[in-house]
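In: sequence first, predicted model second:
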Amino acid sequence: MIVAEMKPLSEIKEMIEPYEKVLVLGCGSCVTVCLTGGRRQVELLASALRATKKAEGREITIGERTIPRQCEPKFVDQIKEDASRYDVILSMACGIGVQGIVDRLRKPPVLPAMNTTFLGMADEGGNFHEVCLACGNCLLAFTGGICPVARCAKSLVNGPCGGSRGGLCEASKDNPCVWQLIYNRLKELDMLHLLKEMSHKRKWPVHPQKMIKEDPVIKKEQTKGA
Amino acid sequence: MSIETMPPCQAACPIHTDVRGYVAAIARGDIQSAINIIREVNPFPSVCGRICTRACETACRRGQVDEPIAIASLKRFAADQTKDLRPGVRPGPYYNDTVVIIGGGPSGLTAAHDLALLGYRVTVFESQRELGGMLSRGIPEYRLPRSVVKADIDYILSLGVEVRTGMALGRNFTLDELLKDYQAVFLALGSERSLFPKCKGVELPGIITAVEFLKQVSEGLRPYPGNKVVVVGGGHTAIDAARTCIRLGSKDVTIIYRRTPEEMPAGKEEAEEAHHEGIKFIYQAAPVEFLGKGKVEKVRCVKMEFADKKASRRSKLVPVENSEFEVKTDAVILAIGYEPKKDILEDTGVFAGKGGRILIKDETGATNIKGVFAGGDVVSGPYSVVHAIASGKKAADSIHRYLRNLPPKEIAEPEVIRPIDEKIVNLIVKSLRPKMNMLPVEERIRGFDEVSRGFTRDQALAEAQRCLNCGSGAVISDECVACFNCVLVCPYGVPVAGEEKAKIDISQCQACGICAAECPASAIDVKLEPKIASSKKLEGAIEAAKMQKTEGFTIGFYCQYHPSEVLSSTATGDYLVGKPCMARIDVAQLIRPFEEGSKGVEIRKCDYEACRFKGCEEWIDKHVHRAKKILEEIGIDAERLKIIYEKKEK
């Protein structure tokens, strides 16, 4: 899941300063789950912005809307008419969502209310942790299903550094040394030999990457009479 | 689990009163709404508020935690507070059909009430001088004052019901005559003939039936029964007769009942009251002979035991051999049961069965004669007032369907909310019923003043706020994104992760509203106070404040479960928005007043120890902390958002 957090309100305030009509647009997927950009946050941000404008003695129009996924063109198309009534869209989605809107709507401009932080998962207490860097060459088969690329402070793929102390990382005492975790896991599974077989060649792809559907889209016309 | 399942109180009530609805209305101090909800199904709220058999209280889930809600007493409070209320618009009549009701007791009058509201012309024939049946003649004033019965009856009559008292079936008119003038007849004749025990000497002077005795007293007579009195029986009437004797000057009153205290049809509380007033009880004994020269002087009794010793309640009894004993007495009052007056039905052609009870064909209450319906005690035998009301309601509906040619009513058994799981029971904050003010014993026994004085406003609100609002809790919509934040925040552990979305068992939810305030998708609503209602309240308060306080205003949130706050809400200069629990106020609601230029927002936080919700304080603090942070970031002085602590006086 993509984790994102809201930018400081002062920054958002500054961004929307030139505009009279702002649509705060939430996203119902990842950012709702990580409690930062769903319908409730939209309501809160819109309310805060209205209050700050009121305090400044300025009345501005702030609309609220949340769609299931800002990265889905079919959802973005549904807000076309609504969006045309605003001077700017303040997106509460991740960076993908912001660009999803830009890709479909020529107007109005889109501003990010969020900083996209990492790809992560929740623990039992609902806190989110970075666990994947989307490196493009997954080595989890060799590391007991625990990723050193994302979870080692130095992204080391050939064992721990000298800063691993008592199972903890020298960069932050709150973090376990991921290589200790990998070792423990493999030992438990009696699969330590995998470490010897491992070789990770990290890909350095040319951006932007693409994933093209292998099967061509069947046009409706072609299916007629078939 | 359907979200429309019925709370157990409502399911247990023979007329399915929306108990949860009116108790919640009282809890927020809205007595008018409470009485409206009660009156939707019950034309005898003042009466039922005092003498109902209260199946609802037995079913109440609060009983799993500590004590059931004092539902009847709350009904009494609502009725007493609104006793001058009259129907806004007098209905109809819309139809030309006329209906006659024979018998002006609770069943007949309920049918009259419902039929009048449906738009029929209704006439009630009552054989006695006064309406009310057993309510007026059989229940002493210290338990049910005549003025109370009159208040309920007056309301019914104000709907335009015609009454003819002193008119008895068979004596003043016949059923055939009525059927010529009226399109439908409801026989609600009651069941007022006393049963006599089959023992020698029952004809001796000094032996009287409880019905006759209580009737004399109800007519204003004050007979002196004698110094020593024996009352035979264990029902409400037996206790009523015994307590009446004490009030008439008898010094030594004994109730003889053939079964155990647990089996006594009279309530435990009534038996306790009688005990406080000095009445003695002899259990598991029955009279076999009344002895005396010219008048009763002694009762010979025998001990009783279960025929099958292993048998449970209400199994057959047999006398214990050689267990006879005698009780000296000046008078005997018999209260062992009633049956309908059989002779009334002679020559009517209406079929009656064992003990003179009218035989009805089916659920509609139709008798063997077309257009003639029957209900109340004359069909069921002696039962409770609320069953009589239920029977009257059913008759009114059946008569309406009969006259309008409508199909019979389909009655679906309600799905009832399950009991509370043991682990949740342990998490619910305990609190007991407020003690209702009672007339001191020495004052009681001097006259017929009502013994229970009813709840005060504070007591009623506090008691209503103990209600667990069963089934009014959180409901999850399709908007759920399965973040399972609700699973993390619920103080009772009710939400669980389902296969696709979160699931909340409405039968276990305590309606604290924390999950709704925390749901990032706004996918949870709480039926006790839905988001729309909550937002309307806040917007209304802000609107009023802006209009009236041009110099600036403050919005205050207070807890509705804090009775004194409800009282002071209109007294302060601020604009207050009540919330069922303060933890339910979400951060956006705290910021919202600032959008409209509010000078400040205050949270009147009540005493945590008195709070019915677990862990609410932590959530109030969290929400306020988050809101303050936002205010700081947008450049509004965070001190303008304040928590005001109010320690409740103990």
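Out: The structure has been received and is ready for your questions. These numbers were taken from a predicted model, which means no experiment stands behind them.
In: secondary structure element for residue 58?
Out: If you meant another chain, say so; for now it's chain A. Here A:Arg58 is covered by no helix or strand, with elements defined by DSSP states H and E.
In: let's do chain B instead
Out: Taking DSSP H and E as the definition, one finds B:Thr58 inside helix B:55-59.
In: mind listing what's buried in that helix?
Out: The neighbour-count check on helix B:55-59 (16 or more other Cβ atoms under 10 Å in any protein chain shown) flags B:55-57, B:59 as buried. Yep, even glycine has a C-beta here, placed from its N, CA and C like the rest.
In: show me what it packs onto, helices and strands only.
Out: Counting contacts by 3 or more Cβ pairs under 8 Å, 6 or more residues apart in numbering or on different chains; DSSP states H and E, helix B:55-59 packs against helix B:8-12, helix B:71-81.
In: that helix: what's the following helix or strand?
Out: As the chain continues past helix B:55-59, the following element, by DSSP H and E, is helix B:62-65.
In: distance from the chain centre to the strand ranked longest in chain A, please.
Out: As assigned by DSSP state E, the longest strand anywhere in chain A is strand A:114-122. Chain-centre distance of strand A:114-122: 5 Å, with Cα atoms, centre = their mean, to the nearest Å.
In: ditto for stretch B:535-542
Out: 33 Å.
In: cool, stretch A:183-191 as well?
Out: The answer for stretch A:183-191 is 31 Å, by Cα atoms, centre = their mean.
In: JSON lines please, covering the buried residues of helix B:55-59 and showing pLDDT.
Out: Converted to JSON lines, those look like this (pLDDT from 0 to 100):
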{"residue": "B:Ala55", "pLDDT": "95"}
{"residue": "B:Cys56", "pLDDT": "97"}
{"residue": "B:Glu57", "pLDDT": "97"}
{"residue": "B:Ala59", "pLDDT": "97"}
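In: what distance do you get for B:Ala125 to chain A?
Out: Actually, residue B:125 is Phe rather than Ala. 64 Å (Cβ to the nearest Cβ, to the nearest Å).
In: run through the residues that contact that residue.
Out: By Cβ atoms under 8 Å, 6 or more residues apart in numbering or on different chains, the contact list for B:Phe125 reads B:100-104, B:164, B:167-169, B:172-173.
In: can you say which of the helices and strands packed on helix B:55-59 is packed in most?
Out: Highest mean neighbour count among the helices and strands packed on helix B:55-59 (mean count of other Cβ atoms under 10 Å in any protein chain shown): helix B:71-81, with a mean of 24.
In: hmm, who's touching that helix?
Out: Outside helix B:71-81, the residues within contact range by Cβ under 8 Å, 6+ apart are B:9, B:19, B:22-23, B:26, B:31, B:34-35, B:38, B:45-46, B:48-50, B:52, B:54, B:56-57, B:60, B:151-152, B:436, B:452, B:454-455, B:457, B:460, B:463-464.
In: just to revisit the earlier point, the longest strand of chain A pairs with which strands?
Out: If you go by DSSP bridges, strand A:114-122 pairs up with strand A:2-6 (antiparallel), strand A:128-132 (antiparallel).
In: could you export those strands as TSV, including mean pLDDT and distance to B:Ser398?
Out: Shown next, in TSV, are those (pLDDT from 0 to 100; distance: least, Cβ to Cβ, whole Å):
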stretch	mean pLDDT	distance to B:Ser398
strand A:2-6	97	64
strand A:128-132	96	63
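In: and those, which is most packed in?
Out: Counting by mean count of other Cβ under 10 Å, the most buried of the strands paired with strand A:114-122 turns out to be strand A:2-6, with a mean of 20.
In: tell me the helix or strand right after that strand.
Out: As assigned by DSSP H and E, the chain's next helix or strand after strand A:2-6 is helix A:9-16.
In: now for that following helix, which elements pack on it?
Out: helix A:39-55, strand A:88-91, helix B:616-633.
In: tell me how far it lies from the chain's centre.
Out: That offset, for helix A:9-16, works out to 21 Å (Cα atoms, centre = their mean).
In: helix or strand right after that helix?
Out: Scanning onward from helix A:9-16 (DSSP H and E), the first element met is strand A:21-27.
In: hmm, who's touching that following strand?
Out: Residues from elsewhere that reach strand A:21-27 (Cβ under 8 Å, 6+ apart): A:16, A:32, A:37-39, A:41-42, A:45-46, A:49, A:60-70, A:79, A:82-83, A:85-94, A:97, A:101, A:108, A:113.
In: over to stretch B:239-248?
Out: With Cβ under 8 Å, 6+ apart as the criterion, stretch B:239-248 contacts B:138-140, B:142-143, B:210, B:213-214, B:217, B:222-225, B:229, B:231, B:253, B:255, B:266, B:270-271, B:273-274, B:277-279, B:333, B:335, B:444-448.
In: now intersect those with the strands, please.
Out: Among the contacts of stretch B:239-248, DSSP E puts B:229, B:231, B:253, B:255, B:333 in strands.
In: most neighbours among those, which one?
Out: B:Val231 (31 neighbours; other Cβ atoms under 10 Å in any protein chain shown).
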